[in-house]
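Visitor: Compute the structure for the input listed below.
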Amino acid sequence: MAAPVPERRFKNPAIFVCDIQEKFRPAIFEFDKVIFTTRKLLLAAAHLRIPIFVTTQNRARLGDTVAELKPLLARAGDLVRADLDKTRFSMWLPAVASHPHFAASSGADDATTAPPPARSEVAIVGIESHICVTQTALDLLGAGHSVYVIADGVSSTRKEEVGVALARLRQAGAVVTTSESWLYELMGDAAIPEFKAIVNVVKETAKETGEALQGLLGSKI
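Guide: Next comes the predicted model:
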């Protein structure tokens, strides 16, 4: 009998990139660390074929997504399922909530009954942790999805806001975790074909990951 094909632990993952824009660069605590961790997740997304949802907040006034992320988003191609400007603080916009990624793959029992939404495992990176990240996470939880707030990938203008936001989101039911932990939990099995590529991403970014953890989290989450 042939050995069973290994399966990933997460069945319907997504990455939300929240408002990482040029005008925020001088204002956000450890902004470069947020950019780095986001780049790391985008590199992994290309190997694992993870859908990516991107937003900006009032792009005309606050600028486009930062230049460091642009090449990776362009390379991701159709993995970028939405790149939307908004005035709402939450990324859970109607165009995102209605996207097929969040709809069940199986059809309804009859043509008049809509299928239930598919539970997704959403990793959130971006800013600000206590505003847009928080409201996005709460909306996703309210819609029945699993939320993973990547602690080495979120920040605010004041560093003191970050810990308060993470504590609130943890209490609300989100999982506060790190980029590396989320990637390994996403895979779930070292036998999957993409494992070596992800290990290479982890190894190549080890130094910067350590700096991001230290800069954004210090000794604790």
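
Visitor: Quick one: the helices in the chain, in order.
Guide: Per DSSP state H, the chain carries helices over the ranges 31-48, 59-62, 70-76, 94-97, 134-142, 159-172, 179-187, 195-204, 206-217.

Visitor: Kindly state which of the ones you listed is positioned closest to Lys23.
Guide: Taking CB to CB as the criterion, helix 59-62 is the member of the helices of the chain that comes nearest to Lys23, at 4.2 Å. C-beta here means a position set from N, CA and C on the backbone, and glycine is covered the same way.

Visitor: related to what we said a few turns ago, would you turn the helices of the chain into a markdown table with distance to Lys86?
Guide: Below are the helices of the chain laid out as a markdown table (distance: least, CB to CB, whole Å):
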| stretch | distance to Lys86 |
| --- | --- |
| helix 31-48 | 18 |
| helix 59-62 | 9 |
| helix 70-76 | 17 |
| helix 94-97 | 10 |
| helix 134-142 | 10 |
| helix 159-172 | 19 |
| helix 179-187 | 24 |
| helix 195-204 | 29 |
| helix 206-217 | 24 |
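
Visitor: Mind putting these into a markdown table with mean pLDDT, mean neighbour count and distance to Gly153?
Guide: Output for those, formatted as a markdown table (pLDDT from 0 to 100; neighbours: other CB atoms under 10 Å; distance: least, CB to CB, whole Å):
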| stretch | mean pLDDT | mean neighbour count | distance to Gly153 |
| --- | --- | --- | --- |
| helix 31-48 | 96 | 22 | 4 |
| helix 59-62 | 94 | 12 | 19 |
| helix 70-76 | 96 | 14 | 14 |
| helix 94-97 | 96 | 14 | 19 |
| helix 134-142 | 97 | 21 | 13 |
| helix 159-172 | 96 | 16 | 11 |
| helix 179-187 | 95 | 21 | 6 |
| helix 195-204 | 94 | 15 | 14 |
| helix 206-217 | 93 | 16 | 8 |
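
Visitor: Tell me which of those helices approaches Glu7 most closely.
Guide: Nearest to Glu7, of all those, is helix 179-187, at 9.9 Å by CB to CB.

Visitor: Just list the residues touching Val96, thanks.
Guide: By CB atoms under 8 Å, 6 or more residues apart in numbering, the contact set of Val96 is Phe53, Ala82, Leu84, Phe102.

Visitor: just Ala165 next, same as before
Guide: Taking CB under 8 Å, 6+ apart as the criterion, Ala165 is in contact with Ser129, His130, Val133, Thr134, Val154, Ser156.

Visitor: swap in Glu208?
Guide: Counted by CB under 8 Å, 6+ apart, Glu208 has contacts Phe36, Lys40.

Visitor: quick one: which of the contacts of Ala165 is nearest to Ile192?
Guide: Ile192 lies nearest to Val154 out of the contacts of Ala165, by CB to CB, at 27.2 Å.

Visitor: Buried residues, stretch 23-33. List them.
Guide: Neighbour-count burial for stretch 23-33, counted by 16 or more other CB atoms under 10 Å, picks out Phe24, Ile28, Phe29, Glu30, Phe31, Asp32, Lys33.

Visitor: Dump those residues to a markdown table, plus distance to Leu42.
Guide: Output for the buried residues of stretch 23-33, formatted as a markdown table (distance: CB to CB, whole Å):
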| residue | distance to Leu42 |
| --- | --- |
| Phe24 | 18 |
| Ile28 | 19 |
| Phe29 | 22 |
| Glu30 | 18 |
| Phe31 | 16 |
| Asp32 | 15 |
| Lys33 | 15 |
